[in-house]
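A.B. asks: turn this into a structure:
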Amino acid sequence: MVQYIICEGSLICTFSGKLDTAGCSEIGDELIRKVQEAKMPVVFDMKNVDYVASAFLRLCLLIVREVDVDKFSIIKVSPNVKKVFKIAGLDRQMRIE
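C.D. replies: Numbers count the residues shown, from 1 in each chain. As a prediction, the model looks like this:
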């Protein structure tokens, strides 16, 4: 569901599938631990994600608190997923591409 690589000074987290509540519960602790250990900017690659639940939005907010908003970005977001961020008002608080 999530793969981690370090590339060009950033931790790239590549997600796939549906990021529903159950899935986010499974990956949440590990994701936060990886971000804390890396101590570098974080990029969420969402190219293979077709659904996000509010639990994933919560994870994004937790990561922003860890690394600061200017060191966090979400890339390759599908229009449907981007719409969820927009409805939640997070498109104004985070860099979403």
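
A.B. asks: contacting residues for the spatially most central residue of the chain?
C.D. replies: Nearest to the mean C-alpha position of the chain, by CA atoms, centre = their mean, lies Phe44 at 4.3 Å. Contacts of Phe44 were listed using CB atoms under 8 Å, 6 or more residues apart in numbering, and they are 13, 15, 60, 63, 72-75. Just so you know, the C-beta spots here come from the backbone N, C-alpha and C atoms, and that holds for glycine as well.

A.B. asks: report the buried residues of the longest helix along the chain.
C.D. replies: If you go by DSSP state H, the chain has its longest helix at helix 21-38. The neighbour-count check on helix 21-38 (16 or more other CB atoms under 10 Å) flags 23-24, 27, 31, 34-35, 38 as buried.

A.B. asks: between these, which is closest to Val67?
C.D. replies: Nearest to Val67 among the buried residues of helix 21-38: Val35, at 6.4 Å, using CB to CB.

A.B. asks: which residues touch that closest one?
C.D. replies: 11, 42, 63, 66-67.

A.B. asks: quick check: closest non-adjacent residue to it.
C.D. replies: With sequence-adjacent residues excluded and distances taken as CB to CB, 6 or more residues apart in numbering, Val35 is closest to Glu66, at 5.2 Å.
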